[in-house]
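K.L.:
Have a look; sequence and predicted model below, questions after that.
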Amino acid sequence: MKNSVSPNRSIVSPEQRSAALVDRRNRKMAQSAHAFVRGTTARFYQWLASRHAPVLPDGPDVWICGDCHLGNLGPLADGRGNVDILIRDFDQAAWGNPSFDVCRLALSLSVLARSSDLPGMATAHILERLLLGYEMAFPEKPKTAPSMPPLLRMKVLRAHRRTSKILMRERTGDDTLKLPLGCHFWPLWRQERNALDDMFQMPSVLELVTQAKKHSSQGSIHLADAAYWRKGCSSLGNSRYAVLLEVTSSSRGTEDWCLMDIKEAGPALVPVRSNASHAISDHGSRVVKAATQLSPHLGLRMQSTHMLGKSFFVRQLMPQDMKLDIRSLRPGSAGELAVYLGYILGRAHMRQMSPDIRQAWKKDLNRARRKSVDAPSWLWDATVGLLADLEAAYLEHCRRHVMGTFRRRMG
């Protein structure tokens, strides 16, 4: 069942993809300072490597997210339908220094605080609470875990209520169970369609689907529809596809539907030590390995593979999977949000460390504390420096891309 091209102007042909994606990324990054942060991972690491950056704690090597901003956390479901707030994106994941993740999340929360017109002292409070929550994860058996803030509790409850029918309705738009070409889904090259057909004949990928849908491996899987998926902006240039599968159980004779996300895995931007013993050369395998360590809910329903000479990873989408789309913060909620998200990040790192390494890392995090600021100087200086750098870069981005587009449209 192939998609047919309609006169819908939002449909982008394969030849037009690259230019359309660049244009969309530029416009999306201009929407807000926080959107700009999400799309500038490379700039983040360039600044940390510059002479202006403070020396970060030399943490123990673990699997890190690499791009731990607010939008890359959210509700995720396990195989039994249990939902937790976890890291949900691993494109930049690497075996590296966990302080990179702490700085990236601190920057994300601080930019959101500034965009919410919170006073400067709120940023200092956020950094202090973020590190407090992170450290709360490090005892072997934490006596007290931070309470989930009402804002996040509402999102988890909403995720619990979502069903497969809701997910299908969102992606297909009607009862035809086809991916509608338009704003989000674009036509495929013939070789892409053929490669996707071949992918879902691979035993490893078929096993992922049958396990996720709890069907016998003797059942049949039919690729009902596929399209290029225009989604996100931080991994521009990497291909991404949505695939709708029809899964038939041989024992029950029933049909089920499964939506799969197939994403190209490119090189990570995270600085990796030259002697990294856990480095994985295949990027798809790297992403899956990191997900399994950092967010088992998601990692267990992912599989690495290859297509058209490139590395990809496949994941089965669950209706409960959502990102944290938080547009603003209130003074009373910023601190509790920082504590809880710091705790989630700390748990992801902590489970990879031995007890001795955990205690040593916790002590190292607190070095260079100032009497006037509760957050250690390395975290405060990195966040303030990154905020200053990104503010100037964001304004320049808006001037170049938004004003340039406006002038072209005006004639």
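P.N.:
Nice, I can see it.
K.L.:
how close does the residue nearest the centre of the chain sit to residue 118?
P.N.:
Residue closest to the average C-alpha location in the chain (C-alpha atoms, centre = their mean): residue 89, at 2.6 Å. As judged by C-beta to C-beta, to the nearest Å, residue 89 and residue 118 stand 26 Å apart. The way it works is simple: take the backbone N, C-alpha and C, and place the C-beta from them, glycine included.
K.L.:
Then residue 301?
P.N.:
For residue 301, the distance to residue 118 (C-beta to C-beta) stands at 37 Å.
K.L.:
neighbours of residue 148, just the number please.
P.N.:
Applying other C-beta atoms under 10 Å, we find 18 residues neighbouring residue 148.
K.L.:
What residue spans form the domains of the protein?
P.N.:
Following the assignment in automatic domain parsing, the chain carries domains at 1-27+166-268+279-319, 31-162+323-411.
K.L.:
Which of the ones you listed comes out lowest on mean pLDDT?
P.N.:
Comparing the domains of the chain by mean pLDDT, the weakest confidence falls on domain 1-27+166-268+279-319, with a mean of 85.
K.L.:
buried set for stretch 103-117?
P.N.:
Using 16 or more other C-beta atoms under 10 Å as the burial criterion, the residues of stretch 103-117 that qualify are 103-116.
K.L.:
Next, format those residues as JSON lines and append secondary structure.
P.N.:
Shown next, in JSON lines, are the buried residues of stretch 103-117 (DSSP: H, G, I helix; E, B strand; the rest coil):
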{"residue": "103", "secondary structure": "helix"}
{"residue": "104", "secondary structure": "helix"}
{"residue": "105", "secondary structure": "helix"}
{"residue": "106", "secondary structure": "helix"}
{"residue": "107", "secondary structure": "helix"}
{"residue": "108", "secondary structure": "helix"}
{"residue": "109", "secondary structure": "helix"}
{"residue": "110", "secondary structure": "helix"}
{"residue": "111", "secondary structure": "helix"}
{"residue": "112", "secondary structure": "helix"}
{"residue": "113", "secondary structure": "helix"}
{"residue": "114", "secondary structure": "helix"}
{"residue": "115", "secondary structure": "helix"}
{"residue": "116", "secondary structure": "coil"}
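K.L.:
and the residue nearest to the centre of the chain, what is it in contact with?
P.N.:
Residues near residue 89 by C-beta atoms under 8 Å, 6 or more residues apart in numbering: 65, 67, 71, 72.
K.L.:
Am I right that it sits in a helix?
P.N.:
No: Residue 89 sits outside any helix when classified using three-state DSSP, being coil.
K.L.:
What distance do you get for it to residue 165?
P.N.:
25 Å.
K.L.:
what do you get for residue 107?
P.N.:
Residue 107 is 38 Å from residue 165, by C-beta to C-beta.
K.L.:
Could you give the bridge partners of residue 255?
P.N.:
residue 248 (DSSP bridges).
K.L.:
doesn't residue 248 make contact with it?
P.N.:
Yes: using C-beta atoms under 8 Å, residue 255 is in contact with residue 248, at 5.3 Å.
K.L.:
could you dump the buried residues of stretch 103-117 to a markdown table with distance to residue 93?
P.N.:
Output for the buried residues of stretch 103-117, formatted as a markdown table (distance: C-beta to C-beta, whole Å):
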| residue | distance to residue 93 |
| --- | --- |
| 103 | 16 |
| 104 | 12 |
| 105 | 14 |
| 106 | 19 |
| 107 | 18 |
| 108 | 17 |
| 109 | 20 |
| 110 | 23 |
| 111 | 22 |
| 112 | 23 |
| 113 | 26 |
| 114 | 27 |
| 115 | 27 |
| 116 | 29 |
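K.L.:
Pick the one among the residues you listed closest to residue 307.
P.N.:
Ranked by distance to residue 307 (C-beta to C-beta), these are led by residue 104 at 29.7 Å.
K.L.:
tell me the contacts of that closest one?
P.N.:
Counted by C-beta under 8 Å, 6+ apart, residue 104 has contacts 44, 65, 66, 67, 68, 69.
K.L.:
try residue 147
P.N.:
336, 340.
K.L.:
Just say helix, strand or coil for it.
P.N.:
Classification of residue 147 using three-state DSSP returns coil.
K.L.:
distance of it from residue 70?
P.N.:
Residue 147 is 19 Å from residue 70, by C-beta to C-beta.
K.L.:
Most neighbours among the contacts of residue 89, please name it.
P.N.:
residue 65 (29 neighbours).
K.L.:
Pretty sure that one sits against residue 91.
P.N.:
No: contact criterion C-beta under 8 Å: residue 65 and residue 91 do not qualify, at 9.3 Å.
K.L.:
how near is the residue lying closest to residue 296 once chain neighbours are set aside to residue 317?
P.N.:
Once flanking residues are discounted, residue 296 sits nearest to residue 78: 7.5 Å by C-beta to C-beta, 6 or more residues apart in numbering. Using C-beta to C-beta, one gets 14 Å for the distance from residue 78 to residue 317.
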